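Asker: quick check, what structure comes out for this input:
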Amino acid sequence: MHSAPVTPAINPSTVTPVSTGLADNGYGGSWYTVDFAVPVSNLNDDPTVVKAINWYMTDQFVQSTANAGSIYGISFGICLIVLIYVLLLTPKSKMCTPFFGFFILALICEMVRSLVDTVRVGKIGMSPYSAYLNLTGDVGSTKWSMGYINLSITKQAAAILSYCFTITCLWIQAYSLLRHIRHGCPHVYWAVMAVLTGGSLATLVFDIMYAYTQIRRLQGHPTSVDFNTITSGTWMGLALSFALWSLVSSISVIYMIYTRIRLGIRGSGVSQFSLALLMLVLLDSFVVPITLCLLGLIPNRFDITKATSLVTPAVLALLPITFLFTTTHSTEMSRGQQGTANGHGHDHDHQNHRHDNDEREIRNNASTPATDSNTTLLPEVTPLPRVRVVRRRADPFRDPVDQELADIDAMPSQRTSQASEDLMMGYVPDEQVLQQRARRVMRSLVGSNITPRSSQTTLA
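Answerer: Next comes the predicted model:
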């Protein structure tokens, strides 16, 4: 192995005759920005080449490295705290849903990535921030060990998986909040989802290219792709992808609030506060990724400003809060819209009472025998039991209820009490949704003392 001769130290007096200022707290002074030469191993195969650096560059490198280590530690801490809260506070029924399954996987992958970065920064020989490499720029003579390359592959794989799982959670959230658009304007829904999904896939391609290019550089195989362009495209795509999903969800919540006002749906103060909180959290999910990525793109001498490492943890920290209100208020909206459509606003209860009185009157008239003063009442003879169905006039409100109950009786599937909630997850069959809707209508009828026609068969 060829060893380059050590260049003798430069006498400061040959650069400047005398010191004109002293350093304050170790910083500044007349020598702070004066260049001095350091030996370079084998830059361009010339052992006599030296590199001019100064103390200002050295301090800047130390500060950037410390900031990177702090950001990686904060990223790992955020993911760990969120994971503990989710595991302790989430009911078991929620833990079995696809959203929380992908959410936990995203947290675990992001914790692996942050942990690898945190450990590498504090370990000499495995840290990606070498003082010699960053101050001299001598990449050509730098060799990377297999352990270093394996850690880099682990980090990149964890980052890609974390992004995929996080995007899946955002997709489920948008699917839940855009349910009314999916049924009312399917073309608009599919167009919006196609744009968001396409942007996420494009970002995933950039992320894979970034990982591939970085690994190939470590293996000593140069690529024709500009690494700086790939890096900028990856981080900006990451920010825009997360931000657009949150922006669409926040617009959906705004539309939900507008629909409540338009339909006259009255909610409690807690309900209105929850919707407002949901909208604010979604707007935060829109602003935070863009802000962090813009901070990460600020020019830096050593490219160690890693504010972008907080993007995914910040989005994951806000996701449980947004999904906490998604199912509740989407279900409330669907109930309110159905009640308004069936009951025509506030006249719904009055019509139910009127139908109830009509049914009672018809039932009493049918069961009361006609008597006359000139008629002798014969002893009653108990007839054979026979089925007598009371005829009723057509009712546009109750007929659909009876039809739904008949369809439910013919269904082989088991009923579930989570149908309306599982509808928000997008994997419940239509018959379970129908069962939930029929049970909701039945509760409304029982509250109004209305018995469905299918249960009014009596023995005469």
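
Asker: what are the ranges of the strands in the protein?
Answerer: Assigned strands in the chain, in chain order: 36-39, 50-53, 387-389, 457-459 (criterion: DSSP state E).

Asker: show the average pLDDT along the lengthiest helix in the chain.
Answerer: For the chain, the helix reaching the highest residue count under DSSP state H is reported as helix 227-263. For helix 227-263, mean pLDDT rounds to 79.

Asker: can you give me the buried ones in that helix?
Answerer: Across helix 227-263, burial judged by 16 or more other Cβ atoms under 10 Å covers 230-253, 256-257, 260. For glycine as for every other residue, the C-beta is placed from the backbone atoms N, C-alpha and C.

Asker: quick one on the thing from earlier: compare the strands of the chain and say which comes out lowest on pLDDT.
Answerer: For the strands of the chain, the bottom mean pLDDT is recorded on strand 457-459, which sits at a mean of 42.

Asker: which residue packs closest to Ser130, ignoring adjacent ones?
Answerer: Thr142 (7.8 Å; Cβ to Cβ, 6 or more residues apart in numbering).

Asker: ok, Tyr129 next?
Answerer: Among residues not flanking Tyr129 along the chain, Thr65 sits closest, at 4.8 Å (Cβ to Cβ, 6+ apart).

Asker: touching, that neighbour and Pro128? I think so.
Answerer: No - with contacts defined as Cβ atoms under 8 Å, Thr65 does not count as touching Pro128, sitting 9.7 Å away.

Asker: flag the shaky bits of this structure, pLDDT-wise.
Answerer: Along the chain, the parts satisfying pLDDT under 70 run over 1-25, 42-49, 264-274, 297-306, 322-438, 440-460.

Asker: packing partners of the longest helix of the chain?
Answerer: Helix 227-263 is packed against helix 146-177, helix 179-184, helix 186-218, helix 269-296, helix 311-343, with contacts defined by 3 or more Cβ pairs under 8 Å, 6 or more residues apart in numbering; DSSP states H and E.

Asker: circling back to that earlier point, now the common contact residues for Thr65 and Pro128.
Answerer: Each of Val121 lies in contact with both Thr65 and Pro128 under the rule Cβ atoms under 8 Å, 6 or more residues apart in numbering.

Asker: let me see the domain layout of the chain.
Answerer: Structural domains assigned to the chain are 1-53, 64-336, 404-460, following automatic domain parsing.

Asker: so what's Ile104 up against?
Answerer: Neighbouring residues of Ile104 by Cβ under 8 Å, 6+ apart: 83, 86-87.

Asker: for Pro313, see how far away it is.
Answerer: Counting by Cβ to Cβ, to the nearest Å, the separation of Ile104 from Pro313 is 14 Å.

Asker: ok, now Ala276?
Answerer: Here the criterion is Cβ to Cβ. By it, Ala276 lies 25 Å from Pro313.

Asker: so which of the two has more stuff around it?
Answerer: Neighbours of Ala276 and Pro313, each counted by other Cβ atoms under 10 Å, are more numerous for Pro313; the result is 28 against 12.

Asker: excluding chain neighbours, what is closest to the more buried one?
Answerer: Leaving out its chain neighbours, the residue that sits closest to Pro313 by Cβ to Cβ, 6+ apart is Ile78, at 4.3 Å.

Asker: repeat for Cys109
Answerer: In space, not counting the residues next to it along the chain, Cys109 is nearest to Ser162; the distance is 3.8 Å by Cβ to Cβ, 6+ apart.

Asker: got it, and Gly296?
Answerer: Nearest in space to Gly296, with sequence neighbours left out and distances taken as Cβ to Cβ, 6+ apart, is Thr308 at 3.5 Å.

Asker: and if you look at Arg113?
Answerer: Across the structure, with Cβ to Cβ, 6+ apart as the measure, the residue nearest Arg113 apart from its sequence neighbours is Ala158 (4.0 Å).

Asker: quick one, what contacts the one you found?
Answerer: Ala158 is in contact with 109-110, 112-113, 116, counting by Cβ under 8 Å, 6+ apart.

Asker: need the contact list for Trp235.
Answerer: The neighbours of Trp235, taking Cβ under 8 Å, 6+ apart as the test, are 293, 296-297, 308, 311.

Asker: please redo it, this time with the cut-off set to 6 Å
Answerer: Contacts of Trp235 were listed using Cβ atoms under 6 Å, 6 or more residues apart in numbering, and they are 293, 296, 308.

Asker: ditto for Leu316
Answerer: Counting by Cβ under 6 Å, 6+ apart, the residues that Leu316 touches are 106-107.

Asker: at 10 Å instead, please
Answerer: For Leu316, the contact set (Cβ atoms under 10 Å, 6 or more residues apart in numbering) comprises 78-79, 82-83, 86, 103, 106-107, 110, 162, 165-166, 169.
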